[in-house]
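> The following comprises the amino acid sequence and a computationally predicted model.
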2 protein chains.
Amino acid sequence: VSGSDAREKLASEGLRLFLRDGYAATGIQGIVAAAGVPKGSFYHFFPAGKESFAAAVVDRYAALAADVRKQILFEPGAPPLARLRAYFEYYAEHFGALGFREGCLLGNLSAEVADSSEMIRARIHAAFAAWEADLAQVIAEAIEQGALAPAAAPAQLARYLVQGWEGALLRMKSEKSAAALQEFIAATFDIFLAGRS
Amino acid sequence: VSGSDAREKLASEGLRLFLRDGYAATGIQGIVAAAGVPKGSFYHFFPAGKESFAAAVVDRYAALAADVRKQILFEPGAPPLARLRAYFEYYAEHFGALGFREGCLLGNLSAEVADSSEMIRARIHAAFAAWEADLAQVIAEAIEQGALAPAAAPAQLARYLVQGWEGALLRMKSEKSAAALQEFIAATFDIFLAGRS
């Protein structure tokens, strides 16, 4: 494999393993074995070790998540609240197909390593902030179009939704059912974002 | 130390270390060293090892959390919505004092080990369910007293609050600020539970 292929394979397998097993339970040895690259290759790309590797994996995850938002949350022509709902429903289906496992890497690493790694924490925070900004933009569009009355600033509403969704993913994992995500979507649109326009 | 003292010390130090470092990063050796008991004592009380120990620690955490609910959420004489708000504000202050670290053991272990340990997952689920039931009871009281209109069943509203709070704790950890918890409280009472009575 070429250099950039090896880096790509490491990041891709790292993301899979961090989502499956968490940060501490995933070792460099397991990552290089899954990627099929020599251990020296890992240290060539990530000389500072697992922590800086995980920070790069968070960035990769954030980029993939931003792609999903671009496709679903900003789908041209659809009304903003319909796009917002389709976005959460896309992920509800995704996690159903996964057997209610994994959840969100940002939430999982917030829980597990945000206290112990300032480097990883800062990348998680940046990824959350970008996500919140995109949701706030869609909410602002809904308000501009009269589909939603401004109960609070779009940024505040967006942060409440991100937090609710993250908590729903934790509850999904502990419950191993679709209930938490479906209830989040229903209560968000029937109560939190409803009856105010 | 006597037998029950040793078990108590192990559970208490286990809770502290799981909250501080997470599940995988906490070893039995570190737990017995912190508790000041011989390693054989750990296996005497928890012959099945770290997983069954963690399940007992979740039960301990759930019992402590239930005590807080009994004192604040069910404080005699106070109106239900005031108790609900005081409950979240108590924890916001608690986490402020902790420097926005740790968060909730139920959420953290949901993120880290609910997929890999059925035993721990089941205990987390039970603890969440007890918490949701208590919040639902307070919400039902608020509805009965006319302080809140029934936008949905109390159990549904309670689950939305638990999820939002859990997500706010994750965001608090990634942001290292009081913002997420304060915003959760404000939007919950100003929007989600407001304007419907």
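Good, I have the coordinates.
> how many other residues sit next to residue A:108?
Residue A:108 has 26 neighbours, counted by other Cβ atoms under 10 Å in any protein chain shown. Every residue, glycine included, has its C-beta placed from N, CA and C.
> List the contacts of it.
Counting by Cβ atoms under 8 Å, 6 or more residues apart in numbering or on different chains, residue A:108 touches A:18, A:19, A:22, A:102, B:111, B:112.
> so how far is stretch A:182-197 off the chain centroid?
For stretch A:182-197, the gap between its own C-alpha mean and the chain's C-alpha mean amounts to 21 Å (Cα atoms, centre = their mean, to the nearest Å).
> what does that stretch contact?
Residues contacting stretch A:182-197 (Cβ under 8 Å, 6+ apart): A:81, A:85, A:88-89, A:92, A:146-149, A:151, A:157, A:160-161, A:164-165, A:168, B:151-152, B:156-157, B:159-160, B:163, B:191-192, B:195-196.
> center of chain A, which residue is that?
Against the mean C-alpha coordinate of chain A, by Cα atoms, centre = their mean, the closest residue is residue A:104 at 4.6 Å.
> related to what we said a few turns ago, which one of the contacts of residue A:108 is nearest residue A:128?
If you rank the contacts of residue A:108 by distance to residue A:128 using Cβ to Cβ, residue B:111 comes first, at 14.5 Å.
> Three-state assignment for that closest one, please.
What DSSP: H, G, I helix; E, B strand; the rest coil gives for residue B:111 is helix.
> Hmm, it is touching residue A:107, no?
Yes: taking Cβ atoms under 8 Å as the definition, residue B:111 is a contact partner of residue A:107 at 6.1 Å.
> intersection of neighbour lists for those two?
A:170, B:170.
> Kindly present the contacts of residue A:108 as CSV, with separate columns for distance to residue B:48 and neighbour count.
As requested, the contacts of residue A:108 are exported to CSV (distance: Cβ to Cβ, whole Å; neighbours: other Cβ atoms under 10 Å in any protein chain shown):
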residue, distance to residue B:48, neighbour count
A:18, 27, 24
A:19, 27, 20
A:22, 21, 23
A:102, 26, 19
B:111, 23, 30
B:112, 19, 27
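> The residue lying closest to residue A:141 once chain neighbours are set aside: what's it in contact with?
In space, and not counting its chain neighbours, residue A:141 is closest to residue A:80: 4.1 Å by Cβ to Cβ, 6 or more residues apart in numbering or on different chains. With contact set as Cβ under 8 Å, 6+ apart, residue A:80 has these partners: A:138, A:139, A:141, A:142, A:145, A:147, A:148.
> Filter those residues down to the ones in helices?
Residues of those located in helices (DSSP state H): A:138, A:139, A:141, A:142.
> what's the neighbour count on the first one?
Looking back up the chat, that one is residue A:138. 22.
> any idea which helix or strand carries residue A:8?
helix A:3-21 (DSSP states H and E).
> And chain B, is that helix touching that?
Yes: applying Cβ under 8 Å from any Cβ of the partner chain, one finds that helix A:3-21 is in contact with chain B at A:20, A:21.
> and the residue nearest to residue A:141, what are its phi and psi?
Residue A:80 has phi and psi values of phi -60, psi -40 when expressed as degrees, to the nearest 10.
> Quick check: chain neighbours aside, which residue is closest to residue A:16?
Once flanking residues are discounted, residue A:16 sits nearest to residue A:34: 7.3 Å by Cβ to Cβ, 6+ apart.
> now do residue A:138
Of all residues not flanking residue A:138 in the chain, residue A:80 sits nearest, at 4.8 Å (Cβ to Cβ, 6+ apart).
> One more: residue A:112?
Take residue A:112 and drop its neighbours on the chain: the residue closest to it by Cβ to Cβ, 6+ apart is residue B:22, 4.7 Å away.
> tell me the contacts of that neighbour?
Listed by Cβ under 8 Å, 6+ apart, the contact partners of residue B:22 are A:22, A:23, A:24, A:111, A:112, A:113, B:108, B:112.
> would JSON lines of the residues you listed with distance to residue B:49 be doable?
Formatted as JSON lines, these follow (distance: Cβ to Cβ, whole Å):
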{"residue": "A:22", "distance to residue B:49": "18"}
{"residue": "A:23", "distance to residue B:49": "21"}
{"residue": "A:24", "distance to residue B:49": "17"}
{"residue": "A:111", "distance to residue B:49": "23"}
{"residue": "A:112", "distance to residue B:49": "21"}
{"residue": "A:113", "distance to residue B:49": "24"}
{"residue": "B:108", "distance to residue B:49": "20"}
{"residue": "B:112", "distance to residue B:49": "17"}
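> from those, which is closest to residue A:55?
residue A:113 (10.3 Å).
> Mind listing what's buried along the helix or strand in which residue A:91 is found?
The secondary structure element spanning residue A:91 is helix A:80-97 (assigned by DSSP H and E). Within helix A:80-97, the residues that count as buried by 16 or more other Cβ atoms under 10 Å in any protein chain shown are A:80, A:81, A:83, A:84, A:85, A:87, A:88, A:91, A:92, A:95.
> Understood, closing this out.
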